[in-house]
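>>> Pasting a predicted model and its sequence here:
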Amino acid sequence: MNGQVGNRIVAALSGRVPVATYGWEEMGRTVIIDNGAGAYTIYGHLDSISVRQDQSVETGTSIGTMGYSVNAAAPKAKGLPPHLHFALIQAGQTGLADESGPLREMRKWGDYWQGLEIQLTGPVNPNLFGMSDCWLGSTTVGAPDEK
């Protein structure tokens, strides 16, 4: 989702914040919310983070601002707008983003959630939450990309 540096980013769903970090490898400043029932929302390339680890948040709570963190610096150098990497994934259980959970490996693999050896039934199209008009990925693991 493109926008302006400093645009407020809000939680798409309520839950607990197991990850709120300024150094999440390629995704830079990242927040992950465990939404319960095996759902997780992920927000990457933030400019600032306004939540803390283990905080509970409600839908619509400000979690940070849009920016260009880490590898999003290349689009900035080309004059492209800042953007948010957003994902909603549905897995088989809660707690997968906790300190020793497999979703913590996302910092190494970016969007390659299928290699985490957990039961996944998503990613889910962010348009369902009014988050983006630039979604090109599949709404089902293993399905071909939508073009």
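Right, received. Where do you want to start?
>>> List the residue ranges of the protein that fall below the pLDDT cut-off.
Residues of the chain meeting the criterion pLDDT under 70: 1, 71-73, 106-147.
>>> where along it do the strands fall?
8-10, 15-21, 29-36, 39-49, 56-57, 62-66, 85-90 (DSSP state E).
>>> which residues does the closest residue to residue 47 other than its chain neighbours contact?
Distance criterion CB to CB, 6 or more residues apart in numbering; nearest residue to residue 47, sequence neighbours excluded, is residue 67 at 2.4 Å. C-betas here are computed from N, CA, C, even on glycine. By CB atoms under 8 Å, 6 or more residues apart in numbering, the residues touching residue 67 are 5, 6, 28, 29, 45, 46, 47, 48, 82.
>>> Adding distance to residue 99 and mean neighbour count as columns, could you present the strands of the chain in JSON lines?
JSON lines is the format used below for the strands of the chain (distance: least, CB to CB, whole Å; neighbours: other CB atoms under 10 Å):
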{"stretch": "strand 8-10", "distance to residue 99": "24", "mean neighbour count": "17"}
{"stretch": "strand 15-21", "distance to residue 99": "8", "mean neighbour count": "21"}
{"stretch": "strand 29-36", "distance to residue 99": "12", "mean neighbour count": "23"}
{"stretch": "strand 39-49", "distance to residue 99": "15", "mean neighbour count": "23"}
{"stretch": "strand 56-57", "distance to residue 99": "17", "mean neighbour count": "16"}
{"stretch": "strand 62-66", "distance to residue 99": "20", "mean neighbour count": "21"}
{"stretch": "strand 85-90", "distance to residue 99": "19", "mean neighbour count": "20"}
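>>> In a markdown table, list these along with distance to residue 76.
Formatted as a markdown table, the strands of the chain follow (distance: least, CB to CB, whole Å):
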| stretch | distance to residue 76 |
| --- | --- |
| strand 8-10 | 17 |
| strand 15-21 | 21 |
| strand 29-36 | 14 |
| strand 39-49 | 10 |
| strand 56-57 | 28 |
| strand 62-66 | 12 |
| strand 85-90 | 14 |
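>>> Brilliant, that's me finished.
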